[in-house]
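only the shape, not the letters, is given here:
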């Protein structure tokens, strides 16, 4: 299951991790976010133990959205070594995200 990432645990779970972290910025009211949710869950199973995959609810964690310039959701950031190494805005097929994960692992 995808990890719930918050303002409080972001540093520990993302910035201090030695693995690639894929973060889905989403909200309950966002249709495309709900559409991509199951894909994020599948990826979290596919890459369990190899890649951290989590979700940030933008309504509950506004500071993270501000810090990373998130203006449209769903927005998926790929973070490694504390740096954003790739980004995907909008709902896309699983294969697109899979390819980005493989490229940045």
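The structure has been received and is ready for your questions. These figures come from a predicted structure and were not determined experimentally. Numbering: from 1, shown residues only.

residue contacts, residue 88?
75, 76, 78, 96, 97, 100 (C-beta atoms under 8 Å, 6 or more residues apart in numbering). All C-beta atoms are positioned from the backbone trio N, CA, C, and that covers glycine.

the helix or strand hosting residue 41 packs against which elements?
In the assignment (DSSP states H and E), residue 41 maps to helix 31-46. With contacts taken as 3 or more C-beta pairs under 8 Å, 6 or more residues apart in numbering; DSSP states H and E, helix 31-46 sits against strand 21-26, strand 52-57, helix 94-104.

contacts for the last one next, please.
Taking C-beta under 8 Å, 6+ apart as the criterion, the residues outside helix 94-104 that touch it are 20, 22, 39, 42-43, 46-47, 51, 76, 78, 80, 85-86, 88.

quick one: mean pLDDT for it?
In this model, helix 94-104 carries a mean pLDDT of 97.

same question, the second one
Per-residue pLDDT values over strand 52-57 give a mean of 97.
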